[in-house]
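Chemist: quick one, structure for this:
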Amino acid sequence: MYKYEHGGDIYTEKLTKDGHSFVDYSANINPLGLPLGIKQAVQQALKLCINYPDPFCRELAEVTASYLQLPQEYIFFGNGAADVLFRLALALKPGRALLLAPTFADYEKALRTVDCKISYYNLQEARDFAADNDIVDAITPDTDLVVICNPNNPTGQLTSRELLVQILDKCRLVGAHLLIDECFMDFVSEEKAFSMRDLLATYPELVILKAFTKTFAMPGIRLGYCLSGSSELHTALHQSGQDWNVSILAQEAGKAALKEHEYLAKSFKLIEQERSYLRNQLAALGAKVYGSEANYIFFYLPKPENLPELLHERGYLIRSCANYHNLQAGYYRIAVKTRVQNRGLIKALKEAIKTCALY
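Modeler: Below is the predicted model:
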């Protein structure tokens, strides 16, 4: 039987034993929720659904290109970033790929569909799970694709621009592509955030993955995209799946999302404040916090061993990271939410730890 391995499963059990909804800390979604402008755009677009969607997402591409200050032909849209990942695997058909460990599971899942062999660069706890310069040596002549999640999921660690340029140059030398997943970069503090998209014109080997999902709290709408300066790759992406992979509702939602400047400003301020609050509170409870530069916190807390179950009993869902490559039981990831919600989680954590101490 297929086993779902991501966070965000609010469907297996919809309510707690006392009839309340679970507070889902297992999925990293903007805590401000879906902006009103997106809701209105989706409602107004319902009348357009008698038509097929634009297979090239032309209006959305024009707006996004202006927003990113990039040529429109650099953008390929999909039914969420995960959909783009599977298309990229089919379009590139790499024989061998290098992945960080731990990292987002769907890179490997997508690559396995084209029988790609996987090599892992094991991130070291002693280095706070950050990639080091020796990753360049792990890129060999038989490497066809390198995938870097930046900031990484689940650790929230950033790979520096300088190291990414070294990796990119090594990829060019051996004839490999570099996929950089920047889906969570929107939540990184202003002084640390950066994008590699200014190098797209110079490096046709570079592909950047982005999504509307997390930033605008619209995972149920499904909208993501990748950026590449290679026209050959764009053609291959279109040939690797159906033409109507982005619904009319998703295209209209995306256009509306890019107008939500005030929403984004409020989101960044909230995330920065609450990220600091959660880091400090977790540290005070004896947890070791790593990275955590985005809208989620990655930490190690060996006791209680059944922490997810104890929090589940109290109405909270968190992401155990024990099933990630190169991790073990005791590692967890939680989303950053509002102060009221975060206080509730910390209270539940304290109760869980106290329960463990009694036995």
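
Chemist: what stretches of the chain score poorly on pLDDT?
Modeler: 357-359 (pLDDT under 70).

Chemist: strands of that one, residue ranges please.
Modeler: 23-24, 75-78, 96-101, 117-122, 145-149, 177-181, 206-211, 224-228, 288-290, 296-300, 316-317, 319-320, 331-335 (DSSP state E).

Chemist: residue ranges for the helices of the protein, please.
Modeler: 36-45, 58-68, 81-92, 105-112, 161-174, 231-239, 248-257, 261-284, 307-313, 339-357 (DSSP state H).

Chemist: buried residues of the last one, list them for me.
Modeler: Along helix 339-357, these residues count as buried under the neighbour rule (16 or more other Cβ atoms under 10 Å): Gln341, Asn342, Gly344, Leu345, Ile346, Ala348, Leu349, Ala352, Ile353. No exception for glycine: its C-beta is placed from N, CA and C like everyone else's.

Chemist: and for the fifth one?
Modeler: Buried residues in helix 161-174, counted by 16+ other Cβ under 10 Å: Leu163, Leu164, Ile167, Leu168, Lys170, Cys171, Arg172.

Chemist: from those residues, which is closest to Leu206?
Modeler: Using Cβ to Cβ, Leu168 comes nearest to Leu206 of the buried residues of helix 161-174, at 6.1 Å.

Chemist: mind listing what the closest one touches?
Modeler: Counting by Cβ atoms under 8 Å, 6 or more residues apart in numbering, Leu168 makes contact with Leu178, Met196, Leu199, Tyr203, Glu205, Leu206.

Chemist: any chance of the helices of the chain in a markdown table, plus distance to Tyr2?
Modeler: Shown next, in a markdown table, are the helices of the chain (distance: least, Cβ to Cβ, whole Å):
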| stretch | distance to Tyr2 |
| --- | --- |
| helix 36-45 | 30 |
| helix 58-68 | 32 |
| helix 81-92 | 15 |
| helix 105-112 | 11 |
| helix 161-174 | 33 |
| helix 231-239 | 26 |
| helix 248-257 | 25 |
| helix 261-284 | 32 |
| helix 307-313 | 21 |
| helix 339-357 | 30 |
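
Chemist: quick check: the gap between the closest residue in space to Tyr324 that isn't next to it in sequence and Ala138.
Modeler: Closest residue in space to Tyr324, ignoring its immediate chain neighbours: Pro102 at 3.6 Å, by Cβ to Cβ, 6 or more residues apart in numbering. Noted for Pro102: a distance of 16 Å to Ala138, by Cβ to Cβ, to the nearest Å.

Chemist: now do Ala97
Modeler: 11 Å.

Chemist: how's this structure carved up into domains?
Modeler: Domains of the chain are assigned by automatic domain parsing as 23-33+261-357, 36-257.

Chemist: same list, these, but as TSV with distance to Glu13 please.
Modeler: Shown next, in TSV, are those (distance: least, Cβ to Cβ, whole Å):
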stretch	distance to Glu13
domain 23-33+261-357	8
domain 36-257	19
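
Chemist: could you dump the strands of the chain into TSV and include mean neighbour count and distance to Tyr277?
Modeler: Below are the strands of the chain laid out as TSV (neighbours: other Cβ atoms under 10 Å; distance: least, Cβ to Cβ, whole Å):
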stretch	mean neighbour count	distance to Tyr277
strand 23-24	20	16
strand 75-78	24	35
strand 96-101	21	28
strand 117-122	15	31
strand 145-149	25	25
strand 177-181	25	27
strand 206-211	25	26
strand 224-228	24	29
strand 288-290	18	12
strand 296-300	25	10
strand 316-317	22	16
strand 319-320	21	19
strand 331-335	25	12
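
Chemist: can you check which of those strands gets nearest to Ser247?
Modeler: Using Cβ to Cβ, those put strand 75-78 closest to Ser247, at 10.7 Å.

Chemist: residues in contact with Thr159?
Modeler: Contacts of Thr159 by Cβ under 8 Å, 6+ apart are Ala130, Ala131, Ile148, Asn150, Asn152.

Chemist: out of those, who has the most neighbours?
Modeler: Each of the contacts of Thr159 was scored for neighbours by other Cβ atoms under 10 Å, and Asn150 scores highest at 28 neighbours.

Chemist: TSV for the strands of the chain, including distance to Thr16?
Modeler: Converted to TSV, the strands of the chain look like this (distance: least, Cβ to Cβ, whole Å):
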stretch	distance to Thr16
strand 23-24	10
strand 75-78	35
strand 96-101	34
strand 117-122	38
strand 145-149	32
strand 177-181	33
strand 206-211	30
strand 224-228	32
strand 288-290	27
strand 296-300	23
strand 316-317	9
strand 319-320	18
strand 331-335	18
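
Chemist: out of the buried residues of helix 339-357, the closest to Ala256 would be?
Modeler: Gln341 (25.9 Å).

Chemist: Leu233 is in contact with Ala91, correct?
Modeler: Yes: using Cβ atoms under 8 Å, Ala91 is in contact with Leu233, at 6.2 Å.

Chemist: between the two, who's got more neighbours?
Modeler: Using other Cβ under 10 Å as the criterion, Ala91 and Leu233 rank with Ala91 on top: 25 against 19.
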